[in-house]
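Trainee: Sequence and predicted structure are below.
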Amino acid sequence: MTDSESATRDLGSAHHGGEHWVHERLLSAASLLLGIWLLASLLLLPSLDQRTLGEWLRGASGAVPMALFIIVSFKHAVDGLKVVVDDYVHDDGNRFLLIGLINFLAVGGASLALFALAKIALGAAA
Amino acid sequence: MARNPSRPLSPHLTVWRWGPGMLVSILHRVTGGALSVAGLALLVWWLVAIAGGPASYAGLSKAAAHPAGLIVLIGISWAFFQHLLSGMRHLLLDTGAGYELGINKTSAIATIVGSVALTIALWVNILGVGR
């Protein structure tokens, strides 16, 4: 780690100044790897019809990384959108409402995606 | 806390001279926002459609094959590649490397050239252009 990052450790009222920054980077790295996994998987599938996709997500090698992709992508999106809102929405009340709305939608969207994935992975073969 | 309205606030798009580094920084935010909204909405729709069976998936396939759907998909794929490459550049910058003016400018331009090239390569592959 760089000197500037280590200098922020244990600072701030909660005493973990640099931790949040490091977590964001780890989540970015995870998004990067899982994004490449998704693209590579889709390109390597023989076709993109419902049957082929269903079979792919029924196996652990498809379903487990997809579950991780859903969780990591939505969390990464919330982190990123929060930075944008913090920078460009200057009214405290609007900022609070908007970040709250983003969190609600992200948790809802991720839950729906995970439910659909569970239905595919655990459902009877079509 | 009350803020002084005479103080400038971001975005400072109108007061800075545009350059590759600034353009890529803005593109990283714009593509991140687009992927968060349109990309994740598409991910949810796609998984729900697969879970719903062949008939429900046919609706998504039809929308994807429509010219407007195709433009959205090409846009999302470009946003994905641009955000991926500029994200890799940001992770490198976070280690403290790549701030020299020449390298910084070259790496910024490289993310744009790379994202456009990858988008073209992907869609040539998918649509089978020239095959």
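Mentor: That came through fine. Quantities reported herein were computed from a predicted structural model and do not represent experimental measurements. Numbers count the residues shown, from 1 in each chain, chains lettered A, B, ... in the order given.

Trainee: ok, now which ones touch A:Glu24?
Mentor: Contacts for A:Glu24 (C-beta atoms under 8 Å, 6 or more residues apart in numbering or on different chains) come out as A:Asp79. For every residue, glycine as well, the C-beta is placed using N, CA and C.

Trainee: and if we set it to 10 Å?
Mentor: A:Glu24 makes contacts with A:75-76, A:79-80, A:83, B:94, as judged by C-beta atoms under 10 Å, 6 or more residues apart in numbering or on different chains.

Trainee: Give me the distance from the helix or strand where it lies to the chain's centre.
Mentor: Using DSSP states H and E, A:Glu24 maps to helix A:19-44. Taking C-alpha atoms, centre = their mean, to the nearest Å, one finds the center of helix A:19-44 at 8 Å from the center of the full chain.

Trainee: Quick check: mean pLDDT of that helix?
Mentor: Taken as a whole, helix A:19-44 has a mean pLDDT of 95.

Trainee: do stretch B:31-44 as well
Mentor: So the average pLDDT for stretch B:31-44 ends up being 98.

Trainee: can you pull the buried residues of that stretch?
Mentor: B:31-36, B:39-40, B:42-44 (16 or more other C-beta atoms under 10 Å in any protein chain shown).

Trainee: can you pull the contacts of A:Ile36?
Mentor: So A:Ile36 contacts B:Leu84 (C-beta under 10 Å, 6+ apart).

Trainee: where does the chain have low pLDDT?
Mentor: Just so you know, I chose chain A. Within chain A, the ranges that satisfy pLDDT under 70 run A:1-3, A:5-6, A:8-10, A:17, A:124-126.

Trainee: switch to chain B, that's the one I care about
Mentor: B:1-2, B:10-13, B:129-131.

Trainee: And the helices in it, which stretches?
Mentor: Along chain B, counting by DSSP state H, helices occupy B:20-34, B:40-52, B:54-65, B:67-94, B:101-127.

Trainee: From the contact counts, what lies against the shortest one?
Mentor: The helices and strands touching helix B:54-65, judged by 3 or more C-beta pairs under 10 Å, 6 or more residues apart in numbering or on different chains; DSSP states H and E, are helix A:50-58, helix B:40-52, helix B:67-94.

Trainee: gap between it and the chain center?
Mentor: For helix B:54-65, the distance to the chain centre is 24 Å (C-alpha atoms, centre = their mean).

Trainee: which of the residues in that helix are buried?
Mentor: By neighbour count on 16+ other C-beta under 10 Å, the buried set for helix B:54-65 is B:57, B:60.

Trainee: Just want the angle from it to helix B:67-94.
Mentor: On the basis of axes from the mean of the first three to the mean of the last three C-alpha atoms, to 10 degrees, helix B:54-65 is oriented at 80 degrees to helix B:67-94.
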